[in-house]
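Dropping the sequence and predicted coords here.
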Amino acid sequence: MSALALDVAAVRARFSALDRPTAFFDAPGGTQVPDSVIEAMAAYLRESNANLGGAFETSRRSDALVVSAHHAAARFLGCEPDEVGFGQNMTTINFALTRTVGRELRAGDEVVVTRLDHDGNVSPWLELAHDLDLVVRFADIREEDATLDLVDLERQLGERTRVVAFPWASNAVGTITDVRRIAELAHEAGALAWVDAVHYAPHGPIDVREAGVDVLLCSPYKFFGPHLGLFFGRRELLERWRPFKVRPAPDEPIGVRFETGTLPHEALAGFCAAVAYVESLGWEAIVAHERELGERLLGGLPDALRLHGPPTMDGRAPTFAVTFPTLTPELAAIRLAERGIAVWWGDYYALEVMRRLGLPDGAVRLGIVHYNTAEEVDRLLGELQRLV
Ligand SMILES: Cc1ncc(COP(=O)(O)O)c(C=O)c1O
């Protein structure tokens with residue numbers, strides 16, 4: 001086994017949830033969590049459960065936990081601990097942050113979103129535009145491989161562009177975007193680069209500085225953690241923006257000004273354990289294993305199936321949207337579930353992608369993560385063959 005190779009059996013032994021016959025290809029909707037995450041959450045509730053700022057031991061431990069969670073997030077995203085904040089999920093945080101930046105926007109200002117986005121990075125801007133008379137422009141995708149059309153994106157930029165909101169990876173078809181280049185284009189236009197990294201986060205390393213982005217959002221429940229949302233904001237922005245916060249809540253560290261109320265501390269404990277879990281494997285091993293499984297799946301897809309999205313493992317996450325010649329996506333997913341295979345069907349809230357690809361019923365999403373095995377991929381391929 002090379003230094004890079006992932007010992008999948010050892011990985012799976014860390015997840016009690018995987019110790020059953022179901023083959024989980026549903027990860028883009030949320031992954032299973034290792035036992036260390038479950039234990040960290042239980043241990044918090046057992047030993048440290050309290051609100052913040054008290055003089056007693058459980059409260060002190062809770063204070064320390066919040067600090068640890070900010071440090072874990074900073075390691076995960078490549079930023080400073082005070083440049084992150086937590087919330088219920090990506091969508092809720094994005095509605096809040098778009099409202100916040102909206103305090104600086106004026107009627108006629110423009111926001112560019114993309115047809116590759118999950119609606120969690122579209123509707124918050126449409127709602128803001130509704131209230132402030134902003135203009136929302138859509139950057140297109142190429143129909144043949146569902147990649148983002150950067151020429152079209154550039155066409156949408158103008159003097160009034162204030163924000164370019166785009167995905168790091170598509171949760172529907174797997175396409176990975178050129179985040180650095182898009183951030184550069186946004187900055188050249190004088191706009192903020194606002195990235196939804198929810199789908200990318202379980203599949204590869206994130207470095208917000210290297211990517212050059214201003215705001216980035218992701219959701220720990222998609223990367224082996226509990227149900228929770230997380231954001232990064234560049235310090236200068238977090239210092240400048242006026243948060244929607246209650247007066248007695250702390251102003252420091254700067255990121256927490258954008259968190260509201262009491263957070264789910266047990267989820268923060270689980271989040272710390274999830275980051276430690278990913279760190280214990282290392283991204284190289286995860287990326288290599290996912291690529292291998294992705295190639296295996298692409299190589300074995302029955303000819304009768306139609307794949308929507310990049311045709312090879314280059315420039316994509318191992319998330320595959322397929323449609324059948326006659327079977328609807330829903331029926332295909334039901335048939336697979338009957339055979340112990342968990343997949344999602346539909347549009348997965350990536351409305352614009354499905355519209356643009358002409359898929360009113362959506363597709364079947366085959367989502368691989370590192371805890372999947374070659375045997376599971378073969379089993380899935382066998383069942384797909386049976387269905388066509
Ligand atoms: C790419 C992408 N963005 C945003 C979201 C919304 O995330 P959350 O459920 O944390 O609001 C999802 C969830 O599926 C997603 O896949």
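That came through, no problem.

Just list what the longest strand belonging to the chain packs against, helices and strands only.
Ranked by residue count under DSSP state E, the longest strand found in the chain is strand 161-167. Counting contacts by 3 or more C-beta pairs under 8 Å, 6 or more residues apart in numbering; DSSP states H and E, strand 161-167 is packed against strand 110-114, helix 179-188, strand 192-196. The C-beta positions use only the backbone N, C-alpha and C, and glycine is treated the same way.

Average pLDDT for whichever strand or helix holds I286, rounded please.
Here I286, judged by DSSP states H and E, is contained in helix 283-300. Per-region confidence: helix 283-300 scores 98 on mean pLDDT.

so how far is it off the chain centroid?
The offset between the C-alpha centroid of helix 283-300 and the centroid of the whole chain comes to 19 Å, using C-alpha atoms, centre = their mean, to the nearest Å.

now what about that helix, what contacts it?
4-6, 8, 203-205, 278, 307, 311-313, 316-318, 320, 366, 368-370, 372-374, 377-378, 380-381 (C-beta atoms under 8 Å, 6 or more residues apart in numbering).

Can you mark which positions in the strand or helix carrying A74 are buried?
Using DSSP H and E, A74 sits in helix 57-77. If you call a residue buried by 16 or more other C-beta atoms under 10 Å, then helix 57-77 has these buried ones: 59, 61-63, 65-66, 68-70, 72-74, 76-77.

Turn those into CSV, including distance to H289 and pLDDT.
Written out in CSV, the entries for the buried residues of helix 57-77 read as follows (distance: C-beta to C-beta, whole Å; pLDDT from 0 to 100):
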residue, distance to H289, pLDDT
S59, 42, 98
R61, 36, 98
S62, 36, 98
D63, 38, 97
L65, 31, 98
V66, 33, 97
S68, 28, 98
A69, 27, 98
H70, 30, 98
A72, 23, 98
A73, 25, 98
A74, 26, 98
F76, 19, 98
L77, 22, 98
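
Quick check: of those residues, which lies closest to L116?
The shortest approach to L116 among these belongs to L77, at 21.2 Å (C-beta to C-beta).

which ones are touching the closest one?
If you count contacts by C-beta under 8 Å, 6+ apart, L77 has them with V84, I206, D207, V208, L216, C218, L230, F232.

Let's see that with 7 Å instead.
Contacts were defined as C-beta atoms under 7 Å, 6 or more residues apart in numbering; by that measure L77 touches V84, I206, V208, L216, F232.

Ok, H370 next?
Contacts here follow C-beta under 7 Å, 6+ apart; on that basis H370 touches L6, V11, I286, H289, E290.

give me the element it is part of.
With secondary structure defined by DSSP H and E, H370 is part of neither a helix nor a strand.

Around T326, how many other residues sit close by?
A count of neighbours around T326, defined by other C-beta atoms under 10 Å, yields 9.

Domain map for this protein?
When the chain is parsed with automatic domain parsing, its domains come out as 8-25+282-387, 40-278.

so which of the ones you listed comes closest to the ligand?
With C-beta to the nearest ligand atom as the measure, domain 40-278 is the member of these nearest the ligand (3.1 Å).

Show me the strands in the stretch 1-150 of the chain, by range?
Counting by DSSP state E, counting those that start in this stretch, the stretch 1-150 of the chain forms strands over residues 23-24, 84-87, 110-114, 135-139, given from the N-terminal end onward.

Nearest to R160, out of those strands?
Ranking those by proximity to R160 (C-beta to C-beta) places strand 110-114 first, at 4.4 Å.

neighbouring strands for the closest one, and are they parallel or not?
Using DSSP bridges, the neighbouring strands of strand 110-114 in the sheet come out as strand 135-139 (parallel), strand 161-167 (parallel).
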